[in-house]
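Build me a structure from this.
(chains A, B and C)
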Amino acid sequence: MNRRSLVTIVSVSALTLTGCGQAGQGDVDNGDGPAEITMWTHSAGNPGELEVYEQIIADFNASQDDYQVVTEAFPQGAYNDAIVAAAAANDLPCLLDMDGPIVPNWAWAGYVQPLGLDPAITDSLLPTAVGIYQDEVYSAGYWDAALAIFARQSVLDDNGIRIPTVDEPWSLDEFDEALSTLQDAGYDTPLDIGAEDAGEWWSYAYSPMLQSAGGDLIDRDTMLTAEGALNGPEAVDFFTWFAGAFEQGWASDSGTIGNEEFNSDEVALSYTGVWNAMDSLDAVGDDLLILPPPDFGTGPAIGGGSWQWGISSTCSSPDGARAYLEFSFADEYITEFADNQVVIPATEGAAEASEHFSSDGDLRPFVELSQRFAVLRPETPAYPVISSTFEKAAKDIMNGADVGSTLDGAVAEIDTNIESNDGYGF
Amino acid sequence: MTTDSLTERVVLRRRKVWSYTAMSALAVIFLFPLVFMVVSSLKPDSQILADIGSPQAFLPVGDISLDNYFGVFDRVPFGRFLFNSVLITVLTVGFGLIVNSMAGFALSRMRWRGRSLVLSLVIATLIVPFETVAVPMVYWVSKLPTLVMEGGMVKYDFGWLNSYHVQIVPFIANAFAIFLFTQYFSTIPKSLDEAARIDGANWFTIYRRIVAPLAGPAFATVAILTFLPAWNQYLWPLMVVQQESLRPVMVGMQYFFQLNTAWGEVMAYTSLITLPILIVFLSFQRAFVSSVAASGVKG
Amino acid sequence: MTTPTSTPVPPHADRSSEGAPRTAAKRHSTRAARRREGRAGFSMVAPALILLLLFLVIPVLLAFGLSFTNARLISPNPPRFVGLDNFVRAFTADPVFVRSMINTFVFAAVIVPVQAGLGLFLAVLVNQKIRGVTAFRVIFFIPVVTSIVVVSILWRFMYQSDGLINSMIDTITFGAWQGMAWLNDPSTALGAIIVLSIWQAVGFHMLIWLSGLQTIPEELYEAARMDGASARQQFANVTWPGLRSTMVFVLVTITIAALGLFVQIDVMTQGGPVNSTSTLVYHAVRKGYRELETGYGATISLIFFVLVLTIALIQRRLTRDKD
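As a prediction, the model looks like this:
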């Protein structure tokens, strides 16, 4: 009796509670009419980017009758969480965009399938706009971003500081001297290095510096250990410099994210991205210099790899997804993305048509920096752990932790993780 | 006698002056971050950052405008998010009041096998922070059965993601609320039940017609205390809701953290989502404050 | 008819508690009523119980199961049973875990007495029968109704080296103060988060203390005043003893909330600088979710549950023994 009433209660409440049920994300092919292709972007809250997607989708849907692309936009800060949750629930959309360095992880996990686009398309893109894991292309993007050092020509001239070029960048000694000169000239903290930010920015901004110094996040030959790369003598030297920059007040660990301090002339140099260039052009005008980062030993390096598109492995109409992507990689759209969001177009043709990035465009230096100096974060599924560990170690060092032992600890953490994942397929 | 009452009056007045001074000083401390928020929502980003270290941060001076608010409406479907949050909050609180008060009634006024076991279970679940079970929860709700309408037919499907109910149902039963109801109901004389039983009333009627009407303060307290977490839901909808049209207001915060945070818009948005709660609270504060007092919340 | 005694009697004790003079019919109807009561009681608690089982107990059990595996949030490899490896790792090979445990206890050890004391102080202030006191009650409660995410963002601004906190100290000390970035210094970050957390939550406990204060009969105070008791003596002899059960409730709720510290850390410091603000729940989420080691994250959660449960039981024992 009791048991039966319990069962009744359970089933009744389950029925009533789920009364407002809704179908999942799965792509429904109801026989007649175009097949629906779901698409997620990370660009909610970014109207400039969304506008271009809406136009591409409208154009694509109108251009054929087989497929219908429908899109859902997520705020960037919540996007990866949403993807991971959706994958756990087997509920991924057909098309999804991903931050470049996470692609190998998601490929290894089976979230995304090999892209299979016409090689003519992927070959025409900047190498840093293509996501590769184990020699297989999994993603492609319309643009890349680039970092540079922003400066005012008048300030450098007044202080007798040489203006570096891509062929002759500042050496580390020159850079140190420039910072100390600028400090003496009255800039309390001469360099805005962006350390108040958190998250992926740290690996994106500072691991290329580490590479420029001769270190790395991981031994890229084997992808199996960080030993020697992240805690070798070069890495220790670099992080000693990094800690010193904060200690001597050349850079600050606080302040506001963005480029406000540079635009209002509170700092003389700013290590920041192309996305801040328009505001600085407005504030500084012709006086603005876009400079390569200093050479820490093996030549300057900046981070490459921005948001790219892939196709989920559970996509029920991958051909439609591919058709959409091939349609979308037209120069006109790439140009529009680049000019709307101020990012570097991934094809030469799109760059030529661009307002800012054509050979006489005001932001052309970024294209050069990207082509000459962009390095990729290691293309291994271990990357999320490497990045999180790197960020924590670098922050601890900035805050005064011992360089050698902190790096050794980070290496141990990364190596333990790689081992417990059976080498992540390497 | 006269001197006595005179000194007493002096003491009382002195205490009064002291109390007002202390309360006013504290009031400033309790209010100033919110004043900063509202004032900043009227300023452009560059001015917020410039004013941050000076008293001007609290004053609506300089380049004052509603631009940030227009910016918010451009960036975020605010009306939709607000509707979702109101719906989710009202349903969570409403169902919660019924389910938890019934449980509190059974736990405090009735005798049945397993009662003390259930009570211990309720108290034990008080200590589970939601964050620690969030990941298994996502997996679990994605396997729960649900009903879908397909071509006019009701069918079974699996997976609770992407819906309103996944944001409501898991939060209806609330150990804290059950605990408060149990406490409060046990202060109402049991002789009322006995009298009603003799008149032939069944237990549900006793709950519905006798005990619940006497427990207004407990209902009011639980309503406000469950309203807040429901309105402020953040981590959970991020994980389980993919459609923009189903998102609640707190998730909208993330829309402003782009490569460069639009601080003025963040302040405008936080003002907009804090204001409804403040209005609800201010209009019910008399009832609420006195009901907490009357509910005699205690162990 | 049958009149249930007011002291609870377990149903299975029916027979022995029934007196011999009762007739069989009466005994039968008593038992039937008991059965009905049992069924009604269970069915009234059932909706809440089922929901708690579905959405709290089962996920907790899932987490417990995961803690003995190397399950990953993202991985093509199936999880493996690894026994107690994760537990050994936490206590021997994860200094951040140990540090997080210490931070969590430090946070709770400061928050519990300070927030409870300050809450009581506020409650006594706003319990006076003077004009405008309700307005102050409302003001002190406003931070409670403000989202903790919003609050954390606002306070992060204020703690900057050129922020409001520093400029206020600067004004008070007539410029003798050198601004510092409170959240960036390992020696001040946890303290800064403690201050913000108290600011946010103390209004709630003020209200609970207030409810306790208002249940103390006014006659007791009158009697004390007749005996010539000073304000302080009244507090010690009338107020404080009358607040015993309220105190237990306040202590338990603050302890549970303090041990679960998460949002402030996530928004403001992400556990840094140099692990000085990492807490157990934050570390569990960082490992289990952000770094995708679901199994290990679940282990930390399990350890956390056991610790909190132990503390709760100790608190219960301590407060009970004094009765």
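
of all of the stretch 101-250 of chain A, which residue lies closest to chain C?
In the stretch 101-250 of chain A, the residue that lies nearest chain C is residue A:109 (4.2 Å; C-beta to the nearest C-beta). Every residue, glycine included, has its C-beta placed from N, CA and C.

what sits against the nearest residue to residue C:99 once chain neighbours are set aside?
Distances taken as C-beta to C-beta, 6 or more residues apart in numbering or on different chains place residue C:275 nearest to residue C:99, at 4.6 Å, with adjacent residues excluded. Contacts for residue C:275 (C-beta atoms under 8 Å, 6 or more residues apart in numbering or on different chains) come out as A:396, C:95-96, C:99-100, C:103.

ok, back up a step: quick one: secondary structure of the closest residue to the residue of the stretch 101-250 of chain A closest to chain C other than its chain neighbours?
Excluding its sequence neighbours, the residue lying closest to residue A:109 (C-beta to C-beta, 6+ apart) is residue C:74, at 4.2 Å. Put simply, residue C:74 is coil when judged by DSSP: H, G, I helix; E, B strand; the rest coil.

Run through the stretch 151-299 of chain B and note the low-pLDDT ranges.
B:151-152, B:155, B:259, B:286-299 (pLDDT under 70).

Could you give the number of residues near whichever residue of the stretch 301-426 of chain A sits closest to chain C?
With C-beta to the nearest C-beta, the shortest gap between the stretch 301-426 of chain A and chain C falls at residue A:399, namely 3.8 Å. Other residues near residue A:399 come to 19 when the count uses other C-beta atoms under 10 Å in any protein chain shown.

where does it land on pLDDT?
pLDDT for residue A:399: 86.

same deal with residue A:24?
pLDDT recorded at residue A:24 is 39.

correct me, but residue B:111 touches residue C:33?
No - using C-beta atoms under 8 Å, residue B:111 is not in contact with residue C:33, being 10.5 Å away.

do you know how far the residue nearest to residue C:99 is from residue C:181?
17 Å (C-beta to C-beta, to the nearest Å).

go on, residue A:169?
Residue A:169 sits at a distance of 31 Å from residue C:181 (criterion: C-beta to C-beta).

in the chain, which residue is closest to the centre?
All of this refers to chain A. The centre of chain A sits closest to residue A:306, judged by C-alpha atoms, centre = their mean, with a distance of 4.0 Å.

Chain B, not that one
What sits nearest the mean C-alpha location of chain B, by C-alpha atoms, centre = their mean, is residue B:228, with 1.2 Å.

Quick check: which helices or strands does the strand or helix carrying it pack against?
Assigned by DSSP states H and E, residue B:228 falls within helix B:216-231. When contacts are defined as 3 or more C-beta pairs under 8 Å, 6 or more residues apart in numbering or on different chains; DSSP states H and E, helix B:216-231 packs onto helix B:78-109, helix B:175-185, helix B:263-295.

Please name the nearest non-neighbouring residue to residue A:328.
Spatial nearest neighbour of residue A:328, excluding adjacent residues (C-beta to C-beta, 6+ apart): residue A:56 at 4.9 Å.

Surely the one you found and residue A:325 touch.
No - look at residue A:56 against residue A:325 with C-beta under 8 Å: they stay out of range, at 10.0 Å.

show me where the stretch 101-250 of chain C has helices.
Using DSSP state H, counting those that start in this stretch, the helices found in the stretch 101-250 of chain C span residues C:133-145, C:148-158, C:164-172, C:189-214, C:218-226, C:231-234, C:240-242, C:244-259.

tell me the pLDDT at residue C:84?
For residue C:84, the model assigns a pLDDT of 92.

Number of residues surrounding the spatially closest residue to it that is not a sequence neighbour?
What sits nearest to residue C:84 in space, not counting adjacent residues and going by C-beta to C-beta, 6+ apart, is residue C:68, at 7.4 Å. Close neighbours of residue C:68, defined as other C-beta under 10 Å, add up to 20.

quick one, what contacts residue C:68?
By C-beta under 8 Å, 6+ apart, the neighbours of residue C:68 are C:81-84, C:86, C:295.

do you know how far it is from residue C:81?
For residue C:68 relative to residue C:81 (C-beta to C-beta), the value is 6 Å.

Can you pull the residues that touch both of these two?
With C-beta under 8 Å, 6+ apart, residue C:68 and residue C:81 have no common neighbours.

quick one, phi psi at residue A:251?
Here is the backbone geometry of residue A:251 (degrees, to the nearest 10): phi -130, psi 160.

now swap in residue A:143 and tell me
When read as degrees, to the nearest 10, the backbone of residue A:143 gives phi -150, psi 170.

cool, residue B:11 as well?
Backbone torsions for residue B:11, taken as degrees, to the nearest 10, come to phi -60, psi -50.

give me the number of residues near it?
Residue B:11: 12 surrounding residues under other C-beta under 10 Å.

what do you get for residue A:223?
Residue A:223: 20 neighbours (other C-beta under 10 Å).

Would you double-check that it falls in a strand?
No - read with three-state DSSP, residue A:223 is coil and lies in no strand.

Now do the strands in the stretch 101-250 of chain B.
B:145-150, B:153-158 (DSSP state E, counting those that start in this stretch).

Parallel or antiparallel, list what pairs with the last one.
Here strand B:153-158 has these sheet partners by DSSP bridges: strand B:145-150 (antiparallel).

OK, contacts around residue C:71?
Per C-beta under 8 Å, 6+ apart, neighbours of residue C:71: C:79, C:294-295, C:298.

Drop anything exposed from those.
Buried residues within those, counting neighbours by 16 or more other C-beta atoms under 10 Å in any protein chain shown: C:294-295, C:298.

So which of those residues are in helices?
Mapping these onto helices (DSSP state H) picks out C:294-295, C:298.

where's residue B:281 relative to chain C, distance?
Per C-beta to the nearest C-beta, to the nearest Å, residue B:281 is found 5 Å from chain C.

What separation do you get for the nearest residue to that residue once chain neighbours are set aside and residue C:127?
In this structure, residue B:281 finds its nearest non-sequential neighbour in residue C:145, 5.0 Å apart by C-beta to C-beta, 6+ apart. Residue C:145 is 21 Å from residue C:127, where distance means C-beta to C-beta.

isn't residue A:85 right next to residue B:159, touching?
No - using C-beta under 8 Å, residue A:85 makes no contact with residue B:159, being 11.5 Å away.

In contact with the residue nearest to residue A:328, which residues?
Contacts here follow C-beta under 8 Å, 6+ apart; on that basis residue A:56 touches A:327-328, A:333.

mind listing what residue B:243 touches?
A:72, B:162 are the contacts of residue B:243 under C-beta under 8 Å, 6+ apart.

That one and chain C, how far apart?
Separation of residue B:243 from chain C (C-beta to the nearest C-beta) stands at 22 Å.

ditto for residue B:267
In terms of C-beta to the nearest C-beta, residue B:267 sits 9 Å off from chain C.

for the closest residue to residue A:315 other than its chain neighbours, what are its contacts?
With C-beta to C-beta, 6+ apart as the criterion, residue A:315 has its nearest non-adjacent residue at 3.9 Å, and that residue is residue A:94. By C-beta under 8 Å, 6+ apart, the contact set of residue A:94 is A:27, A:37-39, A:311-312, A:315-318, A:320-321.

can you redo those as TSV with pLDDT, neighbour count and secondary structure?
What follows is the contacts of residue A:94, written out as TSV (pLDDT from 0 to 100; neighbours: other C-beta atoms under 10 Å in any protein chain shown; DSSP: H, G, I helix; E, B strand; the rest coil):
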residue	pLDDT	neighbour count	secondary structure
A:27	42	20	coil
A:37	94	28	strand
A:38	93	24	strand
A:39	95	19	strand
A:311	97	28	strand
A:312	95	26	strand
A:315	93	22	coil
A:316	91	16	coil
A:317	92	19	coil
A:318	94	19	helix
A:320	94	25	helix
A:321	96	28	helix
